[in-house]
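Asks: quick one: sequence and predicted model below, then my questions.
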Amino acid sequence: SPQSSFIATLKAEALRFAGDLDAAEKLVEDVSVKDIRRLCIRARIYFELADIGNCLESLAPLMPALESMNGNGAGSPKFEDVLINPTELLILSQRAHDINQLKERGRTAFSAGDYGDAMRMYSGALGMCKYSKTLQALFLSNICACEQATERYVDALASASAACALAPTYAKAHSRLAAIYTELDMVSDAKATYEALLTMSLSSDERTKVLSYLKTVEERLQAGTPINWRRLLGVGAKPSSDELKKCYRQLALSHHPDKASRGGASQALSDARADVSSRLFKLIGEAYNVLNDSTALIKWENARVKAKNKAFTSSDSPSRRSPFNDSNKWYSGTW
């Protein structure tokens with residue numbers, strides 16, 4: 001029977017195992033506090049969708065029984081009747097609670113400008129999200145926001161790219177990646193990422209902003225804007241040879257393909273970081289080769305000036321370039 005709550009619950013569980021979390025979520029949006037199995041599946045679905053608030057809300061009616069670890073008490077749910085392991089639910093509840101606390105503490109630290117503390121909170125939460133790719137993507141995006149705020153652009157690229165690999169339809173992670181590409185004048189990559197964003201679920205306001213940013217990026221692309229190698233390496237306008245070499249070595253070591261994939265919260269994250277590191281390692285090397293060679297440096301600087309003048313004269317008005325300035329502010333905070 002299509003109207004059977006029990007059948008809908010079983011279908012939601014099957015969809016969850018199949019990986020179609022959005023479809024599964026729609027089947028368990030409405031739930032009775034007495035429907036134990038539905039509450040449990042709903043909690044797991046919301047956890048994997050990175051919706052910790054709804055996960056905890058789903059578990060709340062079961063907490064008295066879970067905390068006593070006795071499903072046979074008066075008025076308590078009988079977990080064994082629906083083949084639910086109360087120990088697993090208790091672990092899920094504690095994990096969701098701890099993740100939520102770290103997320104809020106990270107958000108508070110970020111708002112106060114304490115990016116180091118915020119990153120520690122988000123990294124701690126990331127380590128607890130082994131079973132949810134979307135949650136891992138969320139905290140990687142938040143870590144990326146901290147790295148972007150402290151101008152650690154290669155690290156930010158690594159975090160945002162891994163987040164997008166883990167959750168290909170997670171719009172917030174893609175918007176963060178597009179913003180970093182734009183700040184680094186990696187305009188072809190920014191264009192591709194904004195175009196990908198337009199295929200995702202966006203609000204009307206978000207879609208309008210993406211179209212505006214895309215137009216700006218396309219102008220920079222047509223002007224032939226080279227990548228901002230100085231910003232990528234995190235050096236000033238005239239770094240000494242020693243400073244340049246030090247920055248290069250630190251980044252090359254951190255993002256070497258043999259090292260970048262270690263210590264991930266999950267195998268999926270390790271794999272994502274390994275894929276990203278190969279490209280970043282090449283970019284770091286290219287940046288050093290340009291900035292460390294006087295002839296290549298002059299050629300690059302001239303190309304930057306030429307592209308800037310071309311983009312300015314081709315624009316209908318200065319406001320066409322204003323959405324970015326030095327950064328995309330669409331998702332400038334953390335979530």
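Replies: Perfect, thanks for sending it. Since this is a predicted model, take the numbers as computed values, not measurements.
Asks: can we go C-alpha only for contacts and neighbour counts from here?
Replies: OK.
Asks: check the spacing between Asp51 and Arg42 real quick.
Replies: To Arg42, Asp51 is 11 Å away according to CA to CA, to the nearest Å.
Asks: wait, Thr182
Replies: Taken as CA to CA, the span from Thr182 to Arg42 is 39 Å.
Asks: quick check, central residue of this structure?
Replies: Nearest to the mean C-alpha position of the chain, counting by CA atoms, centre = their mean, stands Ser141 at 2.9 Å.
Asks: and the pLDDT at Gly264?
Replies: On pLDDT, Gly264 comes in at 63.
Asks: helices along the stretch 1-150 of the chain, start to end?
Replies: Counting by DSSP state H, counting those that start in this stretch, one finds helices in the stretch 1-150 of the chain at the ranges 5-18, 21-27, 36-48, 52-59, 63-68, 86-111, 115-126, 133-149.
Asks: output these as CSV; include the columns mean pLDDT and distance to Thr208.
Replies: Formatted as CSV, the helices of the stretch 1-150 of the chain follow (pLDDT from 0 to 100; distance: least, CA to CA, whole Å):
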stretch, mean pLDDT, distance to Thr208
helix 5-18, 88, 33
helix 21-27, 89, 25
helix 36-48, 88, 29
helix 52-59, 90, 29
helix 63-68, 70, 44
helix 86-111, 91, 26
helix 115-126, 96, 30
helix 133-149, 94, 22
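Asks: deepest-packed of those, please.
Replies: Highest mean neighbour count of these: helix 133-149, a mean of 26 (counted as mean count of other CA atoms under 10 Å).
Asks: name the next helix or strand downstream of it, please.
Replies: Counting by DSSP states H and E, the element after helix 133-149 in chain order, helix or strand, is helix 153-166.
Asks: rewinding a little: now the helices of the stretch 1-150 of the chain in CSV, with distance to Leu157?
Replies: As requested, these are exported to CSV (distance: least, CA to CA, whole Å):
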stretch, distance to Leu157
helix 5-18, 30
helix 21-27, 27
helix 36-48, 24
helix 52-59, 26
helix 63-68, 40
helix 86-111, 19
helix 115-126, 15
helix 133-149, 7
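Asks: so which of those gets nearest Glu301?
Replies: Closest approach to Glu301 among the helices of the stretch 1-150 of the chain (CA to CA): helix 133-149, 23.8 Å.
Asks: which strands or helices does the closest one pack on?
Replies: Judged by 3 or more CA pairs under 8 Å, 6 or more residues apart in numbering; DSSP states H and E, the packing partners of helix 133-149 are helix 36-48, helix 115-126, helix 153-166, helix 171-183.
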